[in-house]
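> What shape does this take:
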Amino acid sequence: MTFYQPKTRKIIEVLNDLVRIHDDRVSGYGDALKKLINIGTELHDDFDKIISDSISYKRQLLQKINELNGSTRTYLASPFFGKIYRAWMDLKVAFSGNTQKAIIGSCKYNEEIALHAYRAALNVKTDMTEDVRQLIEAQECQLRKVYEKIKQYREARHVVDYRTLYFT
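Residues are numbered from 1 along each chain as shown. Model prediction:
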């Protein structure tokens, strides 16, 4: 059994929480693609990119955990999740419908929660190494861009729905 300094153990827990969030994002966007039958090419490509980016972010986080001599088995097997992941699970929503509008709305909300989780990770009361902090900040920056793009899709859907209401 390996014992870690409390600081290292806390950082590993935070990184494992972020890995779990990316697993959920991959699963969620995969489900969205399955539900959206008549999805536009651009939205389909964006969802595919979000999935591949999330897989890449997960890989980066797991590599950082290994560098800290942490166990990724904790991430895989533990029924005891960290505070950040528990908050994510409490707040995230399942896709509440099969319409493009409903799914984009759910994606937007889940991206907001992912951003909150990343901010919480950056605010954890422990001395985080600079390379870990930079990794989390870089990923958070990319998640913010995804959120803005999803928000634009959501706003565009409202415009289309509004026009449909008055011109049909």
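
> What strand or helix carries Tyr147?
Secondary structure from DSSP states H and E places Tyr147 in helix 130-167.

> If we go by neighbour counts, what in the strand or helix carrying Ser106 is buried?
Assigned by DSSP H and E, Ser106 belongs to helix 100-122. Using 16 or more other Cβ atoms under 10 Å as the test for burial, helix 100-122 gives 100, 103-114, 117-118, 120-121. Where you see a C-beta, it was placed from the backbone N, CA and C, and this is true even at glycine.

> Just the C-alphas of it, formatted as CSV.
Taking C-alpha atoms only, helix 100-122 is exported to CSV below (Å, rounded to 0.1, in the frame of the first residue of the first chain):
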residue,chain,number,x,y,z
GLN,A,100,-32.5,19.1,-30.7
LYS,A,101,-33.6,22.0,-28.5
ALA,A,102,-33.9,19.9,-25.4
ILE,A,103,-30.6,18.1,-25.9
ILE,A,104,-28.7,21.4,-26.6
GLY,A,105,-30.3,22.8,-23.5
SER,A,106,-29.1,19.9,-21.4
CYS,A,107,-25.6,20.1,-23.0
LYS,A,108,-25.4,23.8,-22.1
TYR,A,109,-26.4,23.2,-18.5
ASN,A,110,-23.9,20.3,-18.2
GLU,A,111,-21.1,22.4,-19.6
GLU,A,112,-21.9,25.1,-17.0
ILE,A,113,-21.6,22.5,-14.3
ALA,A,114,-18.4,21.1,-15.7
LEU,A,115,-17.0,24.7,-15.7
HIS,A,116,-18.0,25.0,-12.0
ALA,A,117,-16.3,21.7,-11.3
TYR,A,118,-13.1,23.0,-12.9
ARG,A,119,-13.3,26.2,-11.0
ALA,A,120,-13.8,24.2,-7.8
ALA,A,121,-10.7,22.1,-8.6
LEU,A,122,-8.6,25.2,-9.0
